[in-house]
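[1] Sequence first, predicted coordinates after that:
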Amino acid sequence: MPQSSGQQRLSWFQRSERWQMFTASPMVVASAVWLAFIVLVAVLAPALVAERANFQNLSLRFFPPFQIEQGIEFILGGDSLGRPILLQLAMGAQTSMIIAFFAVGISSLIGYAIGLVAGYFGGWVDNSLLRIADILHTVPSMLLALVVLFILEPSIFNVIIVLGITRIPVYLRTARAQTVEIRERTFVEVARSMGASHWRIMTREIAPLVFPTIRTLAVLEVAMVILAAASLTFLGIGLQRPDVDWGMMVADGKTYLKTAWFVAVFPGVVIVLTALSASILSNWLRAVEDPTQNILFARKPKPSRGKAP
């Protein structure tokens, strides 16, 4: 019992220390709040604003932003068909988040599992899986996505599958490199000598140590996938109406940059803020896992008000 209590106190202390590191950086807090807000909007928007977001009113075509004559929903102006840009951004948040989360989920889980197997067993298993990763890595992911989506019908499902598959080598190589190093540690040799199966060693001994790196990489990849999905839609190969994402909004507004700049600029700003927030948060996660870097996020002690002795 004392040992269990000590472990619980240590766990609480670690959580408290990380919370202090988190609150010590305003940029990290702002990034987390922004991402949480985007996820909340993505969940609630379809049920609350779907009908009003897609309602076309040509009399409000290119309605200027920062005016509330037509209500708060037109605070960011109207697009080329008189739809409120604010509500279109809310609907685009759902599509962008679905693509990002599922694409990252597919690539991270598959790459994580394959990397563990390749790094643990080595030999011909490692070589075979690495050659497959090399083939995927040799072809630029955006080029492969363009080719596949040009052949297939553009849809949310196809975009998720394409972006998920093209990002697998990133996780595979990362998980494999860490597994190769961890499998030689003493506690793994002890588990093996005690008769533990390969499956138990990989899942109970090695996988938990590799997971923090994969988690950090996945948060960073959310930004990459959002940018990639927006780029595909901007090029006309991604989503098509009635589906909408932020990249489509930028593509729709690029023709009107001189007359209605806000149609393309506001979605572009949201894309940049979301990608930047995910990048900042992933860097923080990486730093707190590294003892040589987490001091950068530690809260500085307040100077004493008492007189020096």
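    It's in.
[2] burial measure for residue 52, as a count.
    Counted with other CB atoms under 10 Å, the burial measure for residue 52 works out to 14 neighbours. To be clear about C-beta, it is placed using only N, CA and C from the backbone, and glycine gets the same treatment.
[3] ugh, wrong one, residue 207
    Residues contacting residue 207 under the criterion other CB under 10 Å number 18.
[4] How far does the host helix or strand of it sit from its chain's centre?
    When secondary structure is defined by DSSP states H and E, residue 207 falls within helix 207-234. With CA atoms, centre = their mean, to the nearest Å as the basis, helix 207-234 stands 4 Å off its chain's centre.
[5] Look up which helix or strand residue 239 falls in, please.
    Secondary structure assigned from DSSP H and E places residue 239 in neither a helix nor a strand.
[6] Check whether it really touches residue 246, as I assumed.
    No: no contact is recorded between residue 239 and residue 246 when judged using CB atoms under 8 Å, the distance being 10.4 Å.
[7] hmm, back to that, so what does the helix holding residue 207 touch, helix or strand wise?
    helix 85-121, helix 141-151, helix 156-166, helix 168-182, helix 246-253, helix 262-289 (3 or more CB pairs under 8 Å, 6 or more residues apart in numbering; DSSP states H and E).
[8] Helix 85-121 and the fifth one, what's the angle between them?
    Pointing back at helix 246-253 there. The directions of helix 246-253 and helix 85-121 differ by 140 degrees, with axes from the mean of the first three to the mean of the last three CA atoms, to 10 degrees as the criterion.
[9] ok, and what's touching helix 246-253?
    With contact meaning CB atoms under 8 Å, 6 or more residues apart in numbering, helix 246-253 is reached by 79-80, 85, 88-89, 92-93, 96, 226, 229-236, 238-239, 241, 260, 262-268, 270-271.
[10] what about 6 Å?
    Under the criterion CB atoms under 6 Å, 6 or more residues apart in numbering, residues 92, 96, 230, 233, 234, 239, 263, 264, 267, 268, 270, 271 lie in contact with helix 246-253.
[11] Residue 196: how many residues sit nearby?
    15.
[12] for residue 30, that is, sorry about that
    14.
[13] who touches it in this structure?
    Taking CB under 6 Å, 6+ apart, one finds nothing in contact with residue 30.
[14] That one falls within a helix, correct?
    Yes: the assignment for residue 30 is a helix, going by DSSP: H, G, I helix; E, B strand; the rest coil.
[15] if we can go back for a sec, same list (the helices and strands packed on helix 207-234) but as TSV, adding mean pLDDT and distance to residue 62.
    Rendered in TSV, the data for the helices and strands packed on helix 207-234 read as follows (pLDDT from 0 to 100; distance: least, CB to CB, whole Å):
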stretch	mean pLDDT	distance to residue 62
helix 85-121	89	10
helix 141-151	74	30
helix 156-166	85	28
helix 168-182	88	41
helix 246-253	84	10
helix 262-289	86	7
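[16] So which of those has the densest surroundings on average?
    For the helices and strands packed on helix 207-234, ranked by mean neighbour count under the definition mean count of other CB atoms under 10 Å, the leader is helix 246-253 at a mean of 24.
[17] Kindly calculate the angle that that helix makes with helix 207-234.
    Going by the same axes, to 10 degrees, helix 246-253 makes 20 degrees with helix 207-234.
[18] Make 282 the starting number, not 1.
    In the new numbering, first residue 282, that becomes helix 527-534.
[19] How about exporting helix 527-534 as CSV, limited to the C-alpha atoms?
    Once side chains and other backbone atoms are set aside, the C-alpha atoms of helix 527-534 remain, and they are given as CSV (Å, rounded to 0.1, in the frame of the first residue of the first chain):
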residue,chain,number,x,y,z
TRP,A,527,-11.7,26.4,-45.4
GLY,A,528,-9.6,25.6,-48.5
MET,A,529,-12.7,25.7,-50.7
MET,A,530,-13.6,29.1,-49.2
VAL,A,531,-10.2,30.5,-50.1
ALA,A,532,-10.5,29.1,-53.6
ASP,A,533,-13.9,30.6,-54.0
GLY,A,534,-12.7,34.0,-52.9
